[in-house]
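Novice: pasting a predicted model and its sequence here:
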Amino acid sequence: MMLRVRSRDGLERVTVDNPHTTVSQLKALIQSNLRIPLENQTLSTNQNLLLAKTKDDLSRFTDMANPSTPLSALNLSHGSIVFLAYEGERTVAGPNFHPAGSFGRKMTMDDLIAKQMKVTRQENPHCELVSFDRDCANAFQHYVNDTLAFAVKRGGFMYGTVSEEGKVEVDFIYEPPQQGTEDNLTFFRDPEEEKAVEAIALGLAMRRVGFIFTQSISQDKKDYTLSTREVLQAAEFHAESGLKEWVTAMVKLEVNEDGVADVHFEAFQMSDMCIRLFKEGWFETEIGDDQDPKLSKMKKDVVVGVKDTKEVDNDFFLVVVKIFDHQGPLSSTFPIENRSTPVTLSALKTHLDRAKSLPYVKRIADFHLMLLLARFLDVAADVPALAECVHTQSAIPEGYQLLIESMANAS
């Protein structure tokens with residue numbers, strides 16, 4: 001029987017012999033397969049476990065606290081999801097290196113690493129394709145085209161699902177507080193707001209799947225796909241995610257053969273080598289104004305082709321991903337957070353009035369609307385519960401409806 005284990009690291013699998021396996025035997029399997037010590041594990045069938053921040057929060061999840069409870073008593077069967085919270089960092093066993101050269105010549109670790117750091121192009125992405133919800137992609141490009149006129153950069157985090165085959169579907173884009181110039185994009189990340197975003201995503205059975213940004217129109221005159229600053233930023237978010245299918249999407253204005261400007265989407269993965277170099281601190285992160293934006297500088301020599309060099313063409317780090325589109329489960333008509341005009345409760349009243357003819361669950365099925373509501377609701381309980389109603393298209397409990405209506409009427 002295969003069980004899926006969802007933790008802060010994503011979805012993993014363990015195989016148990018039969019439904020009579022106990023909680024304690026499952027924990028032992030997780031320890032041996034996923035390398036998380038028994039004493040650090042908290043298990044539950046309740047997804048809200050992943051929002052727990054303290055030991056007190058964790059202690060509230062008791063459904064799998066008894067080590068002798070059989071999995072069958074918890075209604076767990078083949079393919080069921082168990083949620084796992086754990087303390088500390090994971091340790092993954094790796095091979096033992098014995099640095100000795102030919103004819104017994106001793107090699108230093110630096111010698112060994114330099115020989116391993118051969119930068120080549122990666123042919124195939126881990127992500128089979130990325131598909132954008134048409135409405136959320138349009139809401140993003142519409143703003144950068146019509147309001148910002150591609151004069152400054154804009155960005156966001158993409159949320160959605162990853163299939164077994166590595167297909168990424170993007171269903172909403174969260175735009176953090178930020179400042180964009182012609183060449184730079186700086187996020188001023190708000191931990192409280194991001195906690196609310198994650199709570200909504202959890203209820204919607206979605207997760208953060210990528211980073212999207214725009215290139216300004218002044219960048220169009222330069223001969224690179226991604227600048228060094230963009231490579232570093234994309235690598236940072238990719239490395240932070242720990243998701244091998246993580247996608248980086250770029251939006252730019254391109255003049256076609258008829259002299260008409262078209263909005264153009266491109267999608268990439270940063271190569272495994274790029275992420276490794278970033279995590280191990282090989283990149284020079286101080287970028288001078290005179291530096292060629294299409295070359296990344298390294299702190300030590302790497303091997304590109306047959307030569308040692310400290311400069312790598314950024315194209316070596318990009319693995320192209322195919323783009324599709326789809327109609328996702330959410331609307332994108334509610335005003336979007338952290339733009340030039342703050343979103344207030346009056347927008348909630350306008351939105352609800354406009355969608356009066358729809359079932360209530362469809363009236364609130366918009367990520368940006370739910371993010372506004374999250375300011376006034378319990379982020380650990382109410383926010384994922386409301387989002388789960390949207391995910392399952394089930395009726396919104398009357399208590400929530402009254403609460404939302406009172407917020408709208410208070411504006």
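Specialist: Received it, and whenever you're ready, just let me know what you need. Residues are numbered from 1 along each chain as shown.

Novice: where exactly do the helices run in the stretch 201-350 of the chain?
Specialist: 228-241, 272-279, 345-354 (DSSP state H, counting those that start in this stretch).

Novice: can you name every helix or strand that the second one contacts?
Specialist: Secondary structure elements in contact with helix 272-279, counted by 3 or more C-beta pairs under 8 Å, 6 or more residues apart in numbering; DSSP states H and E, are helix 228-241. For glycine as for every other residue, the C-beta is placed from the backbone atoms N, C-alpha and C.

Novice: the helix it packs on to helix 272-279, inter-axis angle?
Specialist: Per axes from the mean of the first three to the mean of the last three C-alpha atoms, to 10 degrees, the angle that helix 228-241 makes with helix 272-279 is 90 degrees.

Novice: can you list the weak-confidence ranges in this structure?
Specialist: 91-116, 411 (pLDDT under 70).

Novice: how's this structure carved up into domains?
Specialist: According to automatic domain parsing, the chain comprises the domains 2-86, 118-326, 345-409.

Novice: count the neighbours of Met298 for me.
Specialist: The tally of other residues near Met298 (other C-beta atoms under 10 Å) stands at 18.

Novice: ok so, going back, got the domains of the chain as JSON lines, with distance to Ile336 columns?
Specialist: Below are these laid out as JSON lines (distance: least, C-beta to C-beta, whole Å):
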{"stretch": "domain 2-86", "distance to Ile336": "24"}
{"stretch": "domain 118-326", "distance to Ile336": "6"}
{"stretch": "domain 345-409", "distance to Ile336": "5"}
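
Novice: relative to Pro335, which of these is closest?
Specialist: Nearest to Pro335, of all the domains of the chain, is domain 345-409, at 4.9 Å by C-beta to C-beta.

Novice: show me how far the closest one is from its chain's centre.
Specialist: Centre-to-centre, domain 345-409 and its host chain are 24 Å apart (C-alpha atoms, centre = their mean, to the nearest Å).

Novice: try stretch 74-86
Specialist: Relative to its parent chain, stretch 74-86 has a centroid offset of 23 Å by C-alpha atoms, centre = their mean.

Novice: buried ones in it?
Specialist: Residues 74, 76, 82-86 are the ones in stretch 74-86 that count as buried (16 or more other C-beta atoms under 10 Å).

Novice: between these, which is nearest Leu58?
Specialist: Using C-beta to C-beta, the buried residues of stretch 74-86 come closest to Leu58 at Ala85, 6.0 Å.

Novice: hang on, that closest one in a strand?
Specialist: Yes: membership of Ala85 in a strand is supported by DSSP: H, G, I helix; E, B strand; the rest coil.

Novice: distance check, the residue nearest in space to the middle of the chain against Ser332.
Specialist: Nearest residue to the geometric centre of the chain (C-alpha atoms, centre = their mean): Arg208, 2.5 Å. Using C-beta to C-beta, to the nearest Å, Arg208 is found at 17 Å from Ser332.

Novice: one more: Val319?
Specialist: 28 Å.

Novice: the two: which has the busier surroundings?
Specialist: Set side by side, Val319 and Ser332 show more neighbours around Ser332, with 22 against 19, by other C-beta under 10 Å.

Novice: that one reaches Asp135, doesn't it?
Specialist: Yes: if you go by C-beta atoms under 8 Å, Ser332 and Asp135 touch, sitting 4.0 Å apart.

Novice: shared neighbours, those two?
Specialist: When C-beta atoms under 8 Å, 6 or more residues apart in numbering defines a contact, no residue borders Ser332 and Asp135 alike.

Novice: show me where the stretch 251-400 of the chain has strands.
Specialist: Applying DSSP state E, counting those that start in this stretch to the stretch 251-400 of the chain gives strands spanning 261-270, 295-304, 307-313, 318-320, 323-326.

Novice: need the ones you listed in a markdown table with distance to Asp378, can you?
Specialist: Formatted as a markdown table, these follow (distance: least, C-beta to C-beta, whole Å):
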| stretch | distance to Asp378 |
| --- | --- |
| strand 261-270 | 36 |
| strand 295-304 | 44 |
| strand 307-313 | 48 |
| strand 318-320 | 41 |
| strand 323-326 | 32 |
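
Novice: I'd say Thr69 and Thr21 touch.
Specialist: No: the pair Thr69 and Thr21 fails to qualify as a contact (C-beta under 8 Å) at a distance of 10.3 Å.

Novice: and these two? Which one has more around it.
Specialist: Thr21 (18 against 15).
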